[in-house]
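>>> Sequence and predicted structure below; questions after.
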Amino acid sequence: MAVEMLVGLNVVDDSSYQTYRNEMTPILKAYGGGFGYDFKVSEVLKSDTDAPINRVFTIYFSNEDSMNSFFSDDAYLKVKQTHFEKSVTHTTVIATYER
């Protein structure tokens, strides 16, 4: 069964975050994953976290094993360390569900 996550981020460096997206997408696709929706958010009206959110997206995988393998892949972790960690200050997983 396919799995999807709804994620909120606080992106503080759009350029570095875009580089992260560009470099991680081929790795994501190799695991049968992709992005469904992607929004820049200007105002959050209600949140269950104190963490700021200015970007919301869905990311999906063909199954949970593929998702777990992607997030532990060495190539992905290198891209994440190089670009994501300096461009995003907060990550909020809003929901994970079967697609």
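Sure thing, it's come through.

>>> helices and strands around the strand or helix carrying Met5, which ones?
Assigning secondary structure by DSSP states H and E places Met5 in strand 3-11. Under the contact definition 3 or more Cβ pairs under 8 Å, 6 or more residues apart in numbering; DSSP states H and E, strand 3-11 sits against strand 55-61, helix 64-72, strand 88-98. From N, CA and C alone the C-beta is placed, and that goes for glycine too.

>>> Listing partners with orientation, what would you give for the shortest one?
If I follow you right, that is strand 55-61. strand 3-11 (antiparallel), strand 34-40 (antiparallel) (DSSP bridges).

>>> mind putting those strands in CSV, mean pLDDT and mean neighbour count included?
Below are these laid out as CSV (pLDDT from 0 to 100; neighbours: other Cβ atoms under 10 Å):
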stretch, mean pLDDT, mean neighbour count
strand 3-11, 98, 19
strand 34-40, 98, 12
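
>>> Convert stretch 77-84 to PDB, retaining C-alpha atoms only.
Coordinates of the C-alpha atoms in stretch 77-84 are reproduced here as PDB (Å, rounded to 0.1, in the frame of the first residue of the first chain):
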ATOM      1  CA  LEU A  77      21.600  11.800   3.900                       C
ATOM      2  CA  LYS A  78      24.600  13.600   2.300                       C
ATOM      3  CA  VAL A  79      22.300  15.900   0.300                       C
ATOM      4  CA  LYS A  80      20.300  16.500   3.400                       C
ATOM      5  CA  GLN A  81      23.300  17.500   5.500                       C
ATOM      6  CA  THR A  82      24.800  19.700   2.700                       C
ATOM      7  CA  HIS A  83      21.600  21.700   1.800                       C
ATOM      8  CA  PHE A  84      18.600  20.900   3.900                       C
END
